[in-house]
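Student: 3D, please:
(one chain, ligands or ions: 1)
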Amino acid sequence: MTTARFAPSPTGRLHVGNIRTALHNWMLAKRAGGSFILRIDDTDAQRSREEFVDAIREDLAWLGLDWDREERQSQRLDRYEAAFDALRAAGRIYPAYETAQELELKRKIQLGRGLPPVYDRAALSLTDDERAAKEAEGIVPHWRFRLDHDEPITWEDGIRGTQKFDPALLSDPVIRRADGSWLYMLPSTVDDIDMGVTQVLRGEDHVSNTAVQIQMFTALHAAEFAAQHDAAKNVPDFAHEALLVSKEGKLSKRLGSLGCDAFRERGIEPEAIIALLARLGTSLPVEPVADRAALMESFDLTTFGRAPAKFDEAELDRINTAIVHQMPFDAVKERLPAGMDETGWHAVRPNVKTVAEAEEWWRLVTGPIDRPAFLDEDRAYLAEAARTLEWGDDPWGALTSALKEATGRKGKALFLPLRQALTGMDHGPDMGELLPLIGEDEARARLELAAGA
Ligand code: GLU
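Tutor: Sure, this is the predicted structure:
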């Protein structure tokens with residue numbers, strides 16, 4: 001079964017880049033009838049906060065990205081310990097004693113000589129005595145995973161095609177700090193094995209992590225770490241998507257802080273975000289598709305490009321407006337002003353950019369309205385309109401044709417004073433739809449008031 005996961009660290013709210021990764025994994029899983037896991041990467045006890053875990057759940061729920069299973073790394077520490085023991089027994093983990101300053105100095109020297117800043121494995125060649133001496137000095141080691149340098153690491157990336165890494169050009173990653181806490185690399189691999197993850201789709205900033213993790217998968221399998229379920233014996237399929245950048249092409253701070261709360265406040269609908277993010281950076285056209293099944297149908301990793309995907313807030317606004325114009329009454333009714341029914345929504349819908357704006361137009365129906373001052377000739381015209389008004393199936397059509405006939409007015413001279421008298425505005429929703437909502441008595445009263453004003 002296809003199993004994908006979204007693995008945010010609860011150190012902040014989801015931003016648009018995370019939302020995109022969540023959506024794509026959700027689509028991969030759901031499209032295949034598979035399972036979508038929400039994995040909370042909270043091994044960093046200091047930076048992880050419960051309020052962000054709640055916010056992540058809320059945001060995903062608001063977006064309609066439902067998960068089949070939730071996992072938390074903080075509750076799986078015994079599994080990481082077991083993996084650590086297995087890899088250590090297999091000689092794939094070793095203690096290292098350098099301080100952060102020492103490592104930084106080594107890096108500077110390498111860079112100064114024009115060499116790649118790869119960890120020199122000094123700790124690997126320590127003798128037992130040397131190690132014992134360090135520990136006697138009270139130096140507590142951190143732990144590195146020993147990469148196998150024998151052959152290149154390759155995989156078929158779902159977006160980037162064949163990938164090939166020379167492991168000798170990668171540093172043996174630190175997987176555990178001196179205080180025993182875990183860095184991202186090993187827990188994530190252990191989880192992907194235990195949870196039977198078959199697809200890992202993430203940002204291209206993880207490409208070199210994947211090279212390392214592929215060796216971890218193989219090492220853990222060789223150590224019979226996941227012997228209890230064969231399905232987990234495979235290395236997942238990996239795909240790395242180009243990062244999301246601002247429309248100017250930059251990795252921007254703003255994008256890093258733009259999340260569901262800001263979108264919601266601005267009246268952006270989840271479906272607009274989904275429609276945009278499902279196709280941004282792909283060869284498919286970005287369109288205001290409100291039907292998620294249709295988006296899912298066309299979702300295909302082979303359409304993803306290698307160039308950074310450009311996120312433009314103005315494009316989101318445009319898609320949002322087009323989506324709002326398609327939204328059925330049932331989808332918005334809880335958010336409409338009191339008393340506004342389906343006919344009311346349909347009347348104002350083409351004039352709003354957000355659902356919240358329905359309120360402004362609805363005030364034209366419920367009143368009170370502001371009325372502009374009219375010229376004498378228009379006042380006479382409006383008095384005639386008040387007398388002419390007759391209530392039938394199409395009161396606006398009947399009123400305007402009768403007035404056209406009787407006064408010879410046409411175009412703006414015919415329509416504008418009526419609209420202004422009836423709504424206080426010189427533009428707005430279709431009067432044919434609005435007038436029945438205003439109602440006969442109120443409409444006549446407004447015309448009479450305007451005529452007398
Ligand atoms: N917590 C990691 C991150 O947010 C997860 C990366 C992954 O998908 O493996 O970058």
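Student: please list the residues of the stretch 51-200 of the chain that sit near the ligand.
Tutor: Applying C-beta under 6 Å from any ligand atom, one finds that the stretch 51-200 of the chain approaches the ligand through 184, 188. Quick note: C-beta positions are derived from backbone N, CA and C, even for glycine.
Student: where in the stretch 1-150 of the chain is pLDDT low?
Tutor: Counting by pLDDT under 70, not a single residue of the stretch 1-150 of the chain qualifies.
Student: same check on the stretch 201-350 of the chain?
Tutor: 227-233.
Student: in the sheet, who's paired with the residue of it found nearest the ligand?
Tutor: In the stretch 201-350 of the chain, the residue that lies nearest the ligand is Arg202 (4.0 Å; C-beta to the nearest ligand atom). Residues in a beta bridge with Arg202, per DSSP bridges, are His240.
Student: for burial, what's the neighbour tally of it?
Tutor: 20 (other C-beta atoms under 10 Å).
Student: now do the contacts for it.
Tutor: 21, 239-241 (C-beta atoms under 8 Å, 6 or more residues apart in numbering).
Student: any of the residues you listed buried? List them.
Tutor: 21, 239-241 (16 or more other C-beta atoms under 10 Å).
Student: need the three-state assignment for Asp172.
Tutor: coil (DSSP: H, G, I helix; E, B strand; the rest coil).
Student: how near is it to Thr218?
Tutor: 15 Å (C-beta to C-beta, to the nearest Å).
Student: could you do Glu357 as well?
Tutor: Relative to Thr218, and taking C-beta to C-beta, Glu357 is found at 56 Å.
Student: gap between the spatially most distant residue from the centre of the chain and Leu382?
Tutor: If you look at how far each residue of the chain sits from its centre, by C-alpha atoms, centre = their mean, the farthest one is Ala406, at 58.1 Å. Distance from Ala406 to Leu382, counting by C-beta to C-beta: 13 Å.
Student: equivalent analysis for Ala136, please.
Tutor: 99 Å.
Student: have a look at those two and say which one is more surrounded.
Tutor: Leu382 (25 against 8).
Student: what strand or helix carries the more buried one?
Tutor: helix 376-388 (DSSP states H and E).
Student: can you point out the buried residues in that helix?
Tutor: So, applying 16+ other C-beta under 10 Å, buried residues of helix 376-388: 378-379, 381-382, 384-386, 388.
Student: which strands and helices sit next to that helix?
Tutor: helix 395-407, helix 411-423, helix 440-452 (3 or more C-beta pairs under 8 Å, 6 or more residues apart in numbering; DSSP states H and E).
Student: quote the end-to-end distance of stretch 364-373.
Tutor: End-to-end distance for stretch 364-373: 17 Å, by C-alpha to C-alpha, to the nearest Å.
Student: scratch that, stretch 407-416 is what I was asking about
Tutor: First-to-last residue span, stretch 407-416, C-alpha to C-alpha: 14 Å.
Student: list the buried residues for it?
Tutor: 407, 409, 414-415.
Student: helix, strand, or coil at the residue in the stretch 51-200 of the chain that the ligand sits nearest to?
Tutor: Across the stretch 51-200 of the chain, the shortest distance to the ligand (C-beta to the nearest ligand atom) belongs to Ser188, at 4.7 Å. On the three-state scheme (three-state DSSP), Ser188 is labelled helix.
Student: how about Lys310, secondary structure?
Tutor: strand.
Student: give the burial count for it, as a bare number.
Tutor: If we define neighbours as other C-beta under 10 Å, then Lys310 has 15 of them.
Student: that one touches Leu255, doesn't it?
Tutor: No: counting by C-beta atoms under 8 Å, Lys310 sits too far from Leu255 to count as a contact (10.3 Å).
Student: got any residues that touch both of these two?
Tutor: In contact with both Lys310 and Leu255: 244-246, using C-beta under 8 Å, 6+ apart.
Student: which of these fall in strands?
Tutor: 244-246 (DSSP state E).
Student: and the strands in the protein, which stretches?
Tutor: Under DSSP E, the chain gives strands at 3-6, 35-40, 69-72, 93-96, 142-145, 153-157, 161-165, 174-176, 199-203, 237-241, 244-246, 309-311.
Student: contacts for the fourth one?
Tutor: The reference is to strand 93-96. Contacts for strand 93-96 (C-beta under 8 Å, 6+ apart): 84, 87, 122-124, 131, 141-146, 172, 174-175.
Student: repeat that with 10 Å
Tutor: 83-88, 103, 119, 121-126, 131, 134-135, 139-146, 172, 174-176, 178, 186, 219 (C-beta atoms under 10 Å, 6 or more residues apart in numbering).
Student: tell me the backbone dihedrals of the residue nearest to Ile139 when sequence neighbours are not counted, please.
Tutor: Leaving aside its chain neighbours, Ile139 sits nearest to Tyr97 (5.0 Å; criterion: C-beta to C-beta, 6 or more residues apart in numbering). Phi and psi for Tyr97, reported as degrees, to the nearest 10, are phi -120, psi 0.
Student: number of nearby residues for Tyr97?
Tutor: Applying other C-beta under 10 Å, I find that Tyr97 has 19 neighbouring residues.
Student: next one: Gly114
Tutor: Neighbours of Gly114 using other C-beta under 10 Å come to 6.
Student: same question, Gly180
Tutor: 12.
Student: bridge partners for Asp157, pull those for me.
Tutor: With DSSP bridges as the rule, Asp157 is bridged to Gly161.
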